[in-house]
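[1] take this sequence and fold it.
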Amino acid sequence: MPLIALLTDFGTRDGYVATMKAVIQNICPKATIIDISHDIAPQQIAEARFILWSVYNYFPPKTIFICVVDPGVGTKRKIIAVKTKQHTFLAPDNGLLDLVLAESDVKQSVIVQNQKYFLKNISKTFHGRDIFSPAAAHLANGIKLTSLGPLISLEKPQPAVINVSQKGDYHGTVIYIDRFGNLITNFRIKKIKEAELKIKETIVYIQTTYGDANEGKLLALTGSSGLIEIAVRNGSAREMLHVDYGTPLQLKVK
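    Numbering: from 1, shown residues only. Okay, the predicted model is just below:
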């Protein structure tokens, strides 16, 4: 039974997501659909990029991911379909897939442009319904990736995650902020017992759990994604430090 996973910034107040699911089911009734998230902040590609990266490895092989955070909808931006060793991804060519593709073995990639596999009337504002959903449903029905359009060669993105395993100074950034206000960094620490983070002149020490800090105090720890995050116990690091995506960090390993 084919599995299709949806990631959008459409929210659930409107009927956009339901319409996409209806299109998929009409074309591929046997498909199972899983919602990754529809609460990505509008047009925030960086959020979608991290969320996709943090979940995709937990999905079964052959899952088809529809990723629609698409500020360029209706313009000349490309839609791409990428097949890796395990999964297939459809997304705008806007960097949304960069974290995944930086660590994946790409088998094939195409520009999605064969209108045979789209809906008949294509809106300039809702390619999620008219292009992404039908294209993914046809893939779930068994068409080849190359049926969607011509092959392209994608340049492998530079790895964003910094693996830290020895003493020294490292420079990174905040790549995601979750709903709790935790600041997820691009540092992954291995076998390091003593380290400290500097963010906006504030020093934060690495701990093991949220409970290692007093309530309302800053700490850093390895989160569920395997990356170092800065948090406030029972509070919001984002509000306390007044930072956003891209805020630079310095990690000192002693």
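[2] does residue 135 sit in a helix or strand, and which one?
    helix 133-140 (DSSP states H and E).
[3] got the contact list for that helix?
    2, 4, 20-21, 23-28, 30-31, 64, 66, 79, 81, 88, 90, 112, 117-119, 145, 147-148 (C-beta atoms under 8 Å, 6 or more residues apart in numbering). Where you see a C-beta, it was placed from the backbone N, CA and C, and this is true even at glycine.
[4] report the buried residues of the helix or strand just after it.
    From helix 133-140 onward toward the C-terminus, using DSSP H and E, the following helix or strand is strand 162-164. Residues of strand 162-164 classed as buried: 162, 164 (neighbour count, 16 or more other C-beta atoms under 10 Å).
[5] quick one: buried residues of stretch 177-188?
    177, 178, 181, 182, 183, 184, 185, 186, 187, 188.
[6] now the terminal residues of it, how far apart.
    Stretch 177-188 has an end-to-end distance of 16 Å (C-alpha to C-alpha, to the nearest Å).
[7] centre of the chain to it, how far?
    13 Å (C-alpha atoms, centre = their mean, to the nearest Å).
[8] before we move on, what about stretch 180-199?
    On C-alpha atoms, centre = their mean, the centre of stretch 180-199 falls 20 Å from the chain's centre.
[9] same deal with stretch 104-123?
    That offset, for stretch 104-123, works out to 20 Å (C-alpha atoms, centre = their mean).
[10] ok, stretch 238-254 next?
    The answer for stretch 238-254 is 20 Å, by C-alpha atoms, centre = their mean.
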